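Engineer: How does the following fold in three dimensions:
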Amino acid sequence: MHVLCVAENKRDSSFRSFLHHEKIYSFPGPRSRGKRAISEEDMHLILDLHNKLRGQVYPPASNMEYMVWDYELERSAEHWAHTCRWEHGPSHMLTQIGQNLGAHWGRDRPPTYHVQAWYDEVRYYSYPYAQECNPHCPFRCSGPVCTHYTQLVWATSNRIGCAINVCYNMNVWGMIWAKAVYLVCNYSPPGNWWGHAPYKYGTPCSACPASYGGGCRDNLCYKREFGSDFSLVPGLLPCFQLPNFIFT
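Structural biologist: A predicted model of the protein is given here:
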């Protein structure tokens, strides 16, 4: 069985996992189809797991922001997922948002499998910097990787949008995967700024931006007007980004 994700990831004799990490873009233009590229259930599962994992980082974060869903990021992720290209893109947008990729074929896996795999790269990471788990990036990554993890827990990346697409005969580093399930998650503002820690160490919510008004929920900076509905936010904030990384 094989599983593919953006960023280098786990492997075992029966199941192969690949992870692609971070970068992204906003894609203008109308939607190509009316049906969304991700179900409501998967959307909530992905968002809830991101917030759960962001709230449990160690050492604890003093400025970790609550993440909300962004439909424009979802739409841009959908455009890229439909290219079935196992790489970050589109290239002209790679300075604007963060991106994690994942894919698998064979055994069924929920999208949260990839999210958890991204987070599990924490085993290769030592706070506050990621150089030791990113030995030859951003040009050619090899060895243990943790930049999916650092994007996932980047404190200021407070918006996410993901899409899922089934790709037939997807070329993954020279291997052809039949009916590969391709997950693309885009983040804004982007993380993984070279030389910067993903978050500030300290008592949870003790260094939240003033815009949160002192709100805190599950160790995350939280606006009191946030609710289950407010966690699904249309639009995309302008953002900045660094080079992305790949995990395999």
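Engineer: only C-alpha atoms for contact and neighbour calcs from this point on.
Structural biologist: Noted.
Engineer: Strands of this protein, start to end?
Structural biologist: 2-5, 7-11, 16-20, 68-70, 98-105, 159-167, 170-172, 175-177, 180-188, 216-217, 220-221, 232-233 (DSSP state E).
Engineer: Need the residue closest to the centroid of the chain.
Structural biologist: residue 100 (4.0 Å; Cα atoms, centre = their mean).
Engineer: Any idea which of the strands of the chain has the lowest pLDDT on average?
Structural biologist: With a mean of 29, strand 7-11 has the lowest mean pLDDT of these.
Engineer: CA atoms only: put the longest helix anywhere in the chain into CSV for me.
Structural biologist: If you go by DSSP state H, the chain has its longest helix at helix 40-54. Taking Å, rounded to 0.1, in the frame of the first residue of the first chain, the C-alpha atoms of helix 40-54 are listed here in CSV:
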residue,chain,number,x,y,z
GLU,A,40,-18.2,19.4,5.1
GLU,A,41,-17.2,16.5,7.4
ASP,A,42,-13.7,16.3,6.1
MET,A,43,-13.4,20.1,6.3
HIS,A,44,-14.4,20.1,10.0
LEU,A,45,-12.2,17.1,10.8
ILE,A,46,-9.1,18.8,9.2
LEU,A,47,-9.8,22.2,10.9
ASP,A,48,-10.5,20.7,14.3
LEU,A,49,-7.4,18.6,14.2
HIS,A,50,-5.2,21.5,13.2
ASN,A,51,-6.5,23.5,16.2
LYS,A,52,-6.2,20.6,18.6
LEU,A,53,-2.6,20.0,17.6
ARG,A,54,-1.7,23.7,17.6
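Engineer: and that helix, what other elements does it pack with?
Structural biologist: On a contact count with 3 or more Cα pairs under 8 Å, 6 or more residues apart in numbering; DSSP states H and E, helix 40-54 meets helix 111-119.
Engineer: That's all I had, so thanks and see you.
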